[in-house]
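K.L.:
predicted structure and sequence below. I'll ask about it afterward.
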Amino acid sequence: MAVRLPVILIQSRPPHAAAEKLADSLVGELIGASGLDLILVDPLAEMEIDAIDRLTLESLEGDVALLDWKDSSEIIRDWRDAGLVGERAPHDLESEAVLGVAGVRRVYAMDLRVVESYRQVLTALGKIQSERMVKTFTLGLPLTGGPQAERKPPLNGSDSPLITEQGGNSLAEPSQGNQAKSASSELEKPSIGPKAGELEKIRGANSQNKLDLDALMDEFDRSDP
């Protein structure tokens, strides 16, 4: 993704007919150019404080390219005298400028007097744009759903490990929930012993035996002289 570059063409009077033709060709090529926004303004030194062109320039953000029929140093001086900020930046048509501090607005001043063809200007602007490209990257994220990410649940629905028998059948170890259930089932089972009805019969039989024994003792006492 590229940030668009405002290209400000100062409408100074071209020094000769060839220069005027160059300016016309530039305007025709820059209108609608990819990544470039052409802006035509009056000479910076002649701008009024409340001029529309000044307000337009003040509303711009980021780097700009300035095209005029004068030396690059003079173009930058007019820019700063107009109260606009930015550092002179190097490009293919500017050999004296040095790279400024990162994060500071760059002003690419181009002296159209040293240009032989409008294609030189377009090439220089295109290179500036390519250097200003903001590259985006997609961070690599771990893939989900792959063979390593798949985890089949055990047959009993728990996280317990599987024990494989010789025959190939998989038996799941009982989980804590199953163990608790089994223990509860054991508690619910009746204890081994006589049932309620049988216990009453046994008690009745023991009582009857006791009565018979008492009667036998009484009879023995009566028979004793």
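P.N.:
On my side now, so go ahead.

K.L.:
for this structure, what spans make up the strands?
P.N.:
Per DSSP state E, the chain carries strands over the ranges 5-10, 36-41, 64-68, 87-88, 106-111, 162-164, 170-172.

K.L.:
which residues belonging to the second one are considered buried?
P.N.:
If you call a residue buried by 16 or more other CB atoms under 10 Å, then strand 36-41 has these buried ones: 36-39, 41. Every C-beta, even on glycine, is put in place using the N, C-alpha and C of the backbone.

K.L.:
who's the residue nearest to residue 30 when sequence neighbours are not counted bridged to?
P.N.:
Of all residues beyond its chain neighbours, the one nearest residue 30 is residue 38 (4.2 Å), with distances taken as CB to CB, 6 or more residues apart in numbering. Assessed by DSSP bridges, residue 38 has beta-bridge partners residue 7.

K.L.:
measure residue 46 to residue 83 for me?
P.N.:
In this view, residue 46 and residue 83 are 14 Å apart by CB to CB, to the nearest Å.

K.L.:
any low-confidence regions in the protein?
P.N.:
Low-confidence segments of the chain, defined by pLDDT under 70: 1-2, 95, 97-102, 133-225.

K.L.:
all helices in it, in order from the N-terminus.
P.N.:
For the chain, the helices defined by DSSP state H cover 17-30, 52-59, 72-81, 118-131, 176-188, 196-223.

K.L.:
got a list of contacts for the first one?
P.N.:
Residues lying outside helix 17-30 but in contact with it, judged by CB atoms under 8 Å, 6 or more residues apart in numbering, are 7, 9, 14, 36, 38, 40, 67, 69, 112-113, 115, 117-118, 121-122.

K.L.:
what's the angle between that helix and strand 5-10?
P.N.:
Counting by axes from the mean of the first three to the mean of the last three CA atoms, to 10 degrees, helix 17-30 lies at 150 degrees to strand 5-10.

K.L.:
one step back: which among the contacts of helix 17-30 end up buried?
P.N.:
For the contacts of helix 17-30, buried by 16+ other CB under 10 Å: 7, 9, 14, 36, 38, 67, 69, 112, 115, 118, 121-122.

K.L.:
turn those into JSON lines, columns for distance to residue 51.
P.N.:
Below are the buried ones among the contacts of helix 17-30 laid out as JSON lines (distance: CB to CB, whole Å):
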{"residue": "7", "distance to residue 51": "19"}
{"residue": "9", "distance to residue 51": "16"}
{"residue": "14", "distance to residue 51": "22"}
{"residue": "36", "distance to residue 51": "23"}
{"residue": "38", "distance to residue 51": "19"}
{"residue": "67", "distance to residue 51": "19"}
{"residue": "69", "distance to residue 51": "20"}
{"residue": "112", "distance to residue 51": "23"}
{"residue": "115", "distance to residue 51": "27"}
{"residue": "118", "distance to residue 51": "28"}
{"residue": "121", "distance to residue 51": "26"}
{"residue": "122", "distance to residue 51": "29"}
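
K.L.:
okay, now the closest residue to residue 60 other than its chain neighbours: neighbour count?
P.N.:
Excluding its sequence neighbours, the residue lying closest to residue 60 (CB to CB, 6+ apart) is residue 6, at 5.4 Å. Per other CB atoms under 10 Å, the neighbour tally for residue 6 reads 17.

K.L.:
hmm, residue 6 is touching residue 65, no?
P.N.:
Yes - at 7.1 Å, residue 6 counts as touching residue 65 under the criterion of CB atoms under 8 Å.
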